[in-house]
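Peer 1: prediction below, plus the sequence it came from.
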Amino acid sequence: NAGVTQTPKFQVLKTGQSMTLQCAQDMNHEYMSWYRQDPGMGLRLIHYSVGAGITDQGEVPNGYNVSRSTTEDFPLRLLSAAPSQTSVYFCASSPGLSYNEQFFGPGTRLTVL
Amino acid sequence: AQSVAQPEDQVNVAEGNPLTVKCTYSVSGNPYLFWYVQYPNRGLQFLLKYITGDNLVKGSYGFEAEFNKSQTSFHLKKPSALVSDSALYFCAHNRMDTGTASKLTFGTGTRLQVTL
């Protein structure tokens, strides 16, 4: 199993550009999440999904869109990039229920100029 | 608000000495508590979790954590630190009533530095 994979590893955008961060998992997990990691702030939940076709907002959803058309994939879209979105983005998946641990991808480091 | 706090930004310890990384929680009801570790330029890896039962939880790489309800703490410990334990450690919680694993709340992280 590859686990949770993310592409790209690094990305530089100009303000106003859009892009999609890809996330895929091959563990047949129902639950998938996107987090951003900023220095001194830990990880903050952006959006999450409890299954194909179902998504919901997390703590910091503004400026991001998600969709979940399949169990395996959970892409994160930046609609119009801003310097405040410079961060490291992690995708995670879990078999479900709140006592299960999450499995994290390797991350995407995004810089918005 | 439901939260976890990690009061130390950095912990320094000599190799071979015991280590403790602190975490306190503010969660109504019974929490599910987790520790994750992040090595440089890597994603987070699960170390251990407390769900219910024995207050001393054993996890990966020789780490353990003690759940203390009266002190609302879940400190991470290891009897003998290794240089390879140097990493960023995150405490996290999930509420029992959410029914979903997707709503983890993380602390701000503690950097552990183990020196020879």
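Peer 2: Thanks, I have it.
Peer 1: so where's chain A shaky on pLDDT?
Peer 2: Within chain A, no stretch has pLDDT under 70.
Peer 1: nearest residue to the middle of it?
Peer 2: A:Trp34 (2.9 Å; C-alpha atoms, centre = their mean).
Peer 1: list the residues that contact that residue.
Peer 2: The contact partners of A:Trp34, by C-beta atoms under 8 Å, 6 or more residues apart in numbering or on different chains, come to A:21, A:23, A:45-48, A:58, A:64, A:66, A:74, A:76, A:89-92. Using the backbone N, CA and C atoms, a C-beta is placed for each residue, glycine as well.
Peer 1: count of neighbours near A:Arg68?
Peer 2: 19 (other C-beta atoms under 10 Å in any protein chain shown).
Peer 1: burial measure for A:Pro75, as a count.
Peer 2: A count of nearby residues for A:Pro75, using other C-beta under 10 Å, gives 16.
Peer 1: quickly list what the nearest residue to it once chain neighbours are set aside is bridged to.
Peer 2: In this structure, A:Pro75 finds its nearest non-sequential neighbour in A:Thr20, 5.0 Å apart by C-beta to C-beta, 6 or more residues apart in numbering or on different chains. Bridge pairing for A:Thr20 (DSSP bridges) gives the partners A:Arg77.
Peer 1: related to what we said a few turns ago, in which helix or strand does the residue nearest to the centre of chain A reside?
Peer 2: Assigned by DSSP states H and E, A:Trp34 belongs to strand A:31-38.
Peer 1: between strand A:31-38 and the next helix or strand after that strand, find me the angle.
Peer 2: Once the chain leaves strand A:31-38, the next helix or strand it forms, by DSSP H and E, is strand A:42-51. Relative orientation of strand A:42-51 versus strand A:31-38 (axes from the mean of the first three to the mean of the last three C-alpha atoms, to 10 degrees): 160 degrees.
Peer 1: and strand A:42-51, how far out from the chain middle?
Peer 2: Centre-to-centre, strand A:42-51 and its host chain are 7 Å apart (C-alpha atoms, centre = their mean, to the nearest Å).
Peer 1: this completes my enquiry, with thanks.
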